[in-house]
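> quick one, structure for this:
(one chain, ligands or ions: 2)
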Amino acid sequence: MSAQIIDGKKVSKDVREELKAKCEDLKAKGVEPCLAVVLVGDDPGSQVYVRNKERGCAEVGIKSIAYRLDAGITQQTLLELVDKLNRDPAVHGILVQLPLPKHLDEKEVLRLIDPKKDVDGFHVVNAGSLFTGEGGGFVSCTPQGIMRLIASTGVSIEGKNAVVIGRSNIVGKPMAMLLLNANATVTVCHSRTKNLKEIAKGADILVVAIGRPEFVTGDMIKSGAVVIDVGMNRVDGKLKGDVKFDEAKEVAGYVTPVPGGVGPTTITMLLSNTLQAAEAQG
Ligand SMILES: Nc1nc2c(c(=O)[nH]1)N[C@@H](CN(C=O)c1ccc(C(=O)N[C@@H](CCC(=O)O)C(=O)O)cc1)CN2
Ligand SMILES: [Mg+2]
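Numbers count the residues shown, from 1 in each chain. Ligands and ions are numbered 1, 2, ... in the order given. The predicted structure is shown next:
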(Lines give C-alpha, C1' and ligand atoms only; values in the text may rest on other atoms or scores of the structure.)
(Ligands and ions follow the chains in the order given, each with its own letter.)
Protein backbone atom coordinates (compact mmCIF):
# COMPACT_ATOMS: atom_id res chain seq x y z
CA MET A 1 0.00 0.00 0.00
CA SER A 2 1.17 3.50 -0.69
CA ALA A 3 -0.27 6.51 1.10
CA GLN A 4 -1.81 9.50 -0.64
CA ILE A 5 0.44 12.52 -0.25
CA ILE A 6 -1.38 15.54 1.21
CA ASP A 7 -0.37 18.52 -0.92
CA GLY A 8 -0.08 21.53 1.41
CA LYS A 9 0.71 23.87 -1.46
CA LYS A 10 -2.47 22.94 -3.30
CA VAL A 11 -4.65 23.27 -0.16
CA SER A 12 -2.99 26.63 0.51
CA LYS A 13 -3.56 27.86 -3.06
CA ASP A 14 -7.27 27.00 -2.90
CA VAL A 15 -7.72 28.78 0.44
CA ARG A 16 -5.86 31.85 -0.84
CA GLU A 17 -8.33 32.12 -3.73
CA GLU A 18 -11.17 32.31 -1.17
CA LEU A 19 -9.21 34.89 0.82
CA LYS A 20 -8.61 37.12 -2.22
CA ALA A 21 -12.37 37.36 -2.72
CA LYS A 22 -12.94 38.09 0.98
CA CYS A 23 -10.29 40.82 0.91
CA GLU A 24 -11.90 42.45 -2.14
CA ASP A 25 -15.26 42.45 -0.33
CA LEU A 26 -13.74 44.18 2.68
CA LYS A 27 -12.08 46.80 0.50
CA ALA A 28 -15.39 47.43 -1.27
CA LYS A 29 -16.82 48.20 2.19
CA GLY A 30 -14.02 50.71 2.79
CA VAL A 31 -11.83 48.50 5.02
CA GLU A 32 -8.18 48.12 4.03
CA PRO A 33 -6.93 45.00 5.87
CA CYS A 34 -3.51 45.64 7.36
CA LEU A 35 -1.00 43.37 9.11
CA ALA A 36 2.00 44.60 11.13
CA VAL A 37 4.86 42.09 11.27
CA VAL A 38 7.61 42.57 13.85
CA LEU A 39 10.95 40.86 13.31
CA VAL A 40 13.75 41.24 15.86
CA GLY A 41 17.28 40.25 14.84
CA ASP A 42 18.68 38.45 11.84
CA ASP A 43 17.78 34.78 12.24
CA PRO A 44 17.88 33.55 8.61
CA GLY A 45 14.81 31.27 8.98
CA SER A 46 12.72 34.06 10.54
CA GLN A 47 13.78 36.46 7.78
CA VAL A 48 12.52 34.00 5.15
CA TYR A 49 9.21 33.44 6.98
CA VAL A 50 8.63 37.18 7.38
CA ARG A 51 9.38 37.77 3.70
CA ASN A 52 6.93 34.99 2.82
CA LYS A 53 4.31 36.59 5.06
CA GLU A 54 4.77 39.91 3.24
CA ARG A 55 4.47 38.10 -0.12
CA GLY A 56 1.37 36.22 1.06
CA CYS A 57 -0.27 39.51 2.11
CA ALA A 58 0.51 41.07 -1.28
CA GLU A 59 -0.91 38.05 -3.11
CA VAL A 60 -4.22 38.22 -1.26
CA GLY A 61 -4.45 42.05 -1.24
CA ILE A 62 -3.63 42.69 2.43
CA LYS A 63 -1.42 45.67 3.27
CA SER A 64 1.59 44.65 5.35
CA ILE A 65 4.03 46.74 7.33
CA ALA A 66 7.20 45.01 8.49
CA TYR A 67 9.24 46.35 11.40
CA ARG A 68 12.78 44.94 11.26
CA LEU A 69 14.47 45.69 14.57
CA ASP A 70 18.05 45.27 15.67
CA ALA A 71 18.82 42.08 17.65
CA GLY A 72 20.04 44.21 20.58
CA ILE A 73 16.87 46.27 21.17
CA THR A 74 15.54 46.48 24.71
CA GLN A 75 12.35 44.90 26.02
CA GLN A 76 10.99 48.41 26.60
CA THR A 77 11.48 49.44 22.94
CA LEU A 78 9.69 46.32 21.76
CA LEU A 79 6.81 46.83 24.20
CA GLU A 80 6.48 50.45 23.09
CA LEU A 81 6.19 49.37 19.45
CA VAL A 82 3.51 46.78 20.28
CA ASP A 83 1.64 49.39 22.32
CA LYS A 84 1.78 51.85 19.40
CA LEU A 85 0.45 49.20 16.99
CA ASN A 86 -2.31 48.24 19.44
CA ARG A 87 -3.51 51.86 19.40
CA ASP A 88 -3.25 52.34 15.61
CA PRO A 89 -6.78 51.90 14.14
CA ALA A 90 -5.33 51.31 10.65
CA VAL A 91 -3.55 48.14 11.87
CA HIS A 92 -5.86 45.12 12.22
CA GLY A 93 -3.34 42.37 12.93
CA ILE A 94 -0.04 42.28 14.83
CA LEU A 95 2.45 39.46 14.93
CA VAL A 96 5.85 39.21 16.54
CA GLN A 97 7.98 36.63 14.77
CA LEU A 98 9.30 33.92 17.12
CA PRO A 99 11.74 33.02 18.47
CA LEU A 100 12.87 36.33 19.95
CA PRO A 101 16.51 36.85 20.97
CA LYS A 102 17.21 35.29 24.39
CA HIS A 103 17.40 38.56 26.35
CA LEU A 104 13.79 39.42 25.51
CA ASP A 105 10.80 38.15 27.48
CA GLU A 106 8.56 36.55 24.87
CA LYS A 107 5.63 35.94 27.23
CA GLU A 108 5.46 39.59 28.29
CA VAL A 109 5.47 40.73 24.65
CA LEU A 110 2.73 38.30 23.61
CA ARG A 111 0.61 39.28 26.61
CA LEU A 112 0.72 42.94 25.54
CA ILE A 113 -0.68 42.33 22.05
CA ASP A 114 -4.35 43.33 21.95
CA PRO A 115 -6.23 39.98 21.70
CA LYS A 116 -8.41 41.51 18.96
CA LYS A 117 -5.24 42.01 16.86
CA ASP A 118 -3.46 38.79 17.91
CA VAL A 119 -3.61 37.06 14.53
CA ASP A 120 -1.12 34.40 15.69
CA GLY A 121 -3.63 33.33 18.36
CA PHE A 122 -0.89 33.15 21.00
CA HIS A 123 -2.48 35.49 23.59
CA VAL A 124 -3.97 33.73 26.64
CA VAL A 125 -7.39 35.20 25.82
CA ASN A 126 -7.38 33.55 22.38
CA ALA A 127 -5.89 30.31 23.70
CA GLY A 128 -8.60 30.41 26.40
CA SER A 129 -11.47 30.80 23.95
CA LEU A 130 -10.19 27.79 22.04
CA PHE A 131 -9.83 25.78 25.25
CA THR A 132 -13.34 26.59 26.48
CA GLY A 133 -14.75 25.90 23.01
CA GLU A 134 -16.26 29.41 23.11
CA GLY A 135 -14.84 30.18 19.66
CA GLY A 136 -14.68 33.56 17.97
CA GLY A 137 -11.05 34.13 18.96
CA PHE A 138 -7.97 33.61 16.82
CA VAL A 139 -6.64 30.07 16.46
CA SER A 140 -2.90 29.44 16.17
CA CYS A 141 -2.02 29.20 12.47
CA THR A 142 -0.18 25.86 12.24
CA PRO A 143 -2.90 23.74 13.94
CA GLN A 144 -5.60 25.63 12.03
CA GLY A 145 -3.81 24.78 8.77
CA ILE A 146 -3.56 21.15 9.85
CA MET A 147 -7.34 21.01 10.29
CA ARG A 148 -7.63 22.14 6.64
CA LEU A 149 -5.16 19.46 5.57
CA ILE A 150 -7.13 16.77 7.40
CA ALA A 151 -10.37 18.09 5.86
CA SER A 152 -8.78 17.83 2.39
CA THR A 153 -8.45 14.05 2.85
CA GLY A 154 -12.21 13.66 3.35
CA VAL A 155 -11.52 11.56 6.48
CA SER A 156 -13.98 12.46 9.23
CA ILE A 157 -12.52 13.30 12.64
CA GLU A 158 -15.54 12.57 14.81
CA GLY A 159 -15.06 9.53 17.06
CA LYS A 160 -11.55 8.84 15.77
CA ASN A 161 -8.49 8.22 17.92
CA ALA A 162 -6.22 11.24 17.43
CA VAL A 163 -2.73 11.27 18.89
CA VAL A 164 -0.69 14.47 19.08
CA ILE A 165 3.02 14.05 19.78
CA GLY A 166 4.30 17.34 21.24
CA ARG A 167 2.78 19.76 23.76
CA SER A 168 3.96 23.25 22.77
CA ASN A 169 1.65 26.24 23.23
CA ILE A 170 1.94 27.03 19.52
CA VAL A 171 1.20 23.60 18.02
CA GLY A 172 0.64 20.60 20.33
CA LYS A 173 -1.84 22.05 22.84
CA PRO A 174 -4.05 24.01 20.38
CA MET A 175 -3.94 21.04 17.99
CA ALA A 176 -5.28 18.76 20.72
CA MET A 177 -8.08 21.24 21.47
CA LEU A 178 -9.12 21.59 17.81
CA LEU A 179 -9.29 17.80 17.44
CA LEU A 180 -11.21 17.50 20.72
CA ASN A 181 -13.66 20.22 19.61
CA ALA A 182 -14.14 18.18 16.42
CA ASN A 183 -15.13 15.19 18.63
CA ALA A 184 -11.98 13.08 18.29
CA THR A 185 -10.73 11.06 21.25
CA VAL A 186 -7.43 12.81 21.85
CA THR A 187 -4.19 11.65 23.48
CA VAL A 188 -1.26 14.02 23.87
CA CYS A 189 2.19 12.43 24.05
CA HIS A 190 5.52 14.07 24.86
CA SER A 191 9.14 13.31 25.68
CA ARG A 192 8.24 11.67 29.02
CA THR A 193 5.38 9.52 27.68
CA LYS A 194 5.71 5.80 28.35
CA ASN A 195 4.68 3.34 25.61
CA LEU A 196 4.65 6.15 23.06
CA LYS A 197 5.11 3.67 20.24
CA GLU A 198 1.99 1.69 21.19
CA ILE A 199 -0.07 4.85 21.69
CA ALA A 200 1.00 6.25 18.31
CA LYS A 201 0.11 2.97 16.65
CA GLY A 202 -3.47 3.27 17.93
CA ALA A 203 -3.94 6.60 16.14
CA ASP A 204 -6.33 7.03 13.24
CA ILE A 205 -4.98 10.59 13.04
CA LEU A 206 -1.38 11.15 14.10
CA VAL A 207 0.05 14.67 14.39
CA VAL A 208 3.76 14.82 15.09
CA ALA A 209 5.33 18.03 16.42
CA ILE A 210 8.15 16.86 18.64
CA GLY A 211 11.11 18.48 16.86
CA ARG A 212 13.19 15.32 16.45
CA PRO A 213 14.18 14.30 12.91
CA GLU A 214 12.48 11.09 11.70
CA PHE A 215 11.29 10.25 15.23
CA VAL A 216 8.18 8.40 14.00
CA THR A 217 9.00 5.25 12.06
CA GLY A 218 6.73 3.02 9.97
CA ASP A 219 6.20 0.52 12.82
CA MET A 220 4.60 3.29 14.96
CA ILE A 221 1.86 3.98 12.41
CA LYS A 222 -1.54 2.29 12.11
CA SER A 223 -2.37 1.01 8.65
CA GLY A 224 -4.42 3.63 6.78
CA ALA A 225 -3.85 6.43 9.34
CA VAL A 226 -3.72 10.14 8.50
CA VAL A 227 -0.17 11.24 9.40
CA ILE A 228 0.63 14.94 9.74
CA ASP A 229 4.29 15.88 10.08
CA VAL A 230 4.90 19.30 11.64
CA GLY A 231 8.67 18.79 12.00
CA MET A 232 11.18 21.08 10.33
CA ASN A 233 14.63 19.89 11.30
CA ARG A 234 17.77 20.93 9.46
CA VAL A 235 20.08 17.92 9.14
CA ASP A 236 23.30 18.39 7.11
CA GLY A 237 21.66 21.33 5.34
CA LYS A 238 18.59 19.27 4.42
CA LEU A 239 15.09 19.76 5.78
CA LYS A 240 13.77 16.66 7.57
CA GLY A 241 10.40 16.10 9.21
CA ASP A 242 9.62 14.36 12.49
CA VAL A 243 8.33 11.36 10.52
CA LYS A 244 10.37 8.90 8.47
CA PHE A 245 8.50 9.69 5.26
CA ASP A 246 9.62 6.70 3.16
CA GLU A 247 8.40 4.28 5.84
CA ALA A 248 5.23 6.24 6.65
CA LYS A 249 4.05 6.25 3.07
CA GLU A 250 4.10 2.44 2.97
CA VAL A 251 1.76 2.16 5.99
CA ALA A 252 -0.36 5.33 6.27
CA GLY A 253 -3.46 6.18 4.27
CA TYR A 254 -2.43 9.83 3.96
CA VAL A 255 0.79 11.61 4.84
CA THR A 256 2.15 15.16 4.61
CA PRO A 257 5.58 15.72 3.05
CA VAL A 258 8.26 18.04 4.47
CA PRO A 259 8.60 20.52 2.86
CA GLY A 260 5.30 21.17 1.11
CA GLY A 261 2.88 19.85 3.74
CA VAL A 262 2.07 21.75 6.92
CA GLY A 263 4.42 24.73 6.35
CA PRO A 264 2.61 26.40 3.43
CA THR A 265 -0.75 26.37 5.21
CA THR A 266 0.66 28.15 8.30
CA ILE A 267 1.10 31.45 6.46
CA THR A 268 -2.22 31.06 4.65
CA MET A 269 -4.04 30.75 7.99
CA LEU A 270 -2.27 33.91 9.16
CA LEU A 271 -3.76 35.72 6.14
CA SER A 272 -7.16 34.27 7.01
CA ASN A 273 -6.87 35.45 10.62
CA THR A 274 -5.84 38.93 9.44
CA LEU A 275 -8.99 39.21 7.32
CA GLN A 276 -11.04 37.95 10.29
CA ALA A 277 -9.46 40.74 12.39
CA ALA A 278 -10.13 43.39 9.74
CA GLU A 279 -13.73 42.27 9.38
CA ALA A 280 -14.30 42.38 13.15
CA GLN A 281 -12.66 45.80 13.59
CA GLY A 282 -14.20 47.24 10.43
N1 LIG B 1 4.96 34.58 15.33
C2 LIG B 1 5.15 33.36 14.83
N3 LIG B 1 6.36 32.79 14.90
C4 LIG B 1 6.52 31.52 14.40
C5 LIG B 1 5.45 30.81 13.80
C6 LIG B 1 4.19 31.44 13.77
O7 LIG B 1 3.17 30.87 13.28
N8 LIG B 1 4.08 32.71 14.28
N9 LIG B 1 5.68 29.58 13.20
C10 LIG B 1 7.04 29.17 12.91
C11 LIG B 1 7.64 29.76 11.67
N12 LIG B 1 6.73 29.98 10.54
C13 LIG B 1 5.96 31.08 10.53
O14 LIG B 1 6.18 32.03 11.21
C15 LIG B 1 6.76 29.12 9.39
C16 LIG B 1 7.63 28.07 9.30
C17 LIG B 1 7.72 27.32 8.11
C18 LIG B 1 6.91 27.59 7.03
C19 LIG B 1 7.04 26.86 5.74
O20 LIG B 1 6.39 27.20 4.78
N21 LIG B 1 7.91 25.86 5.66
C22 LIG B 1 8.24 25.19 4.41
C23 LIG B 1 9.71 24.87 4.37
C24 LIG B 1 10.56 26.11 4.46
C25 LIG B 1 12.04 25.79 4.50
O26 LIG B 1 12.55 25.26 3.53
O27 LIG B 1 12.66 26.14 5.52
C28 LIG B 1 7.48 23.87 4.28
O29 LIG B 1 7.24 23.22 5.31
O30 LIG B 1 7.16 23.53 3.15
C31 LIG B 1 6.03 28.63 7.13
C32 LIG B 1 5.95 29.39 8.30
C33 LIG B 1 7.93 29.57 14.09
N34 LIG B 1 7.76 30.95 14.42
MG1 LIG C 1 13.60 34.64 26.07
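> and the gap between the residue in the stretch 51-200 of the chain positioned nearest to ligand 1 and V208?
Closest approach between the stretch 51-200 of the chain and ligand 1, counting by Cβ to the nearest ligand atom: L98, at 3.7 Å. Every C-beta, even on glycine, is put in place using the N, C-alpha and C of the backbone. In this structure, L98 lies at 20 Å from V208, with Cβ to Cβ, to the nearest Å as the measure.
> how confident was the prediction at the residue of the chain found nearest ligand 1?
Using Cβ to the nearest ligand atom, G263 is the residue of the chain that sits closest to ligand 1, at 2.1 Å. Note on G263: pLDDT of 96.
> and for I267?
98.
> is it part of a helix or strand, or is it coil?
helix (DSSP: H, G, I helix; E, B strand; the rest coil).
> low-scoring stretches of the chain, by residue?
By pLDDT under 70, the chain has no low-scoring segment.
> which stretches in it count as strands?
Taking DSSP state E as the criterion, the chain carries its strands at 4-5, 34-40, 63-69, 93-96, 161-165, 185-189, 205-208, 226-229, 233-235, 238-240, 254-255.
> need those strands in TSV (columns: mean neighbour count).
Supplementary listing: the strands of the chain in TSV, determined by neighbours: other Cβ atoms under 10 Å:
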stretch	mean neighbour count
strand 4-5	14
strand 34-40	23
strand 63-69	16
strand 93-96	26
strand 161-165	26
strand 185-189	19
strand 205-208	28
strand 226-229	28
strand 233-235	12
strand 238-240	13
strand 254-255	24
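> so how far is K84 from the residue lying closest to A278 once chain neighbours are set aside?
Of all residues not flanking A278 in the chain, P33 sits nearest, at 3.7 Å (Cβ to Cβ, 6 or more residues apart in numbering). Distance from P33 to K84, counting by Cβ to Cβ: 19 Å.
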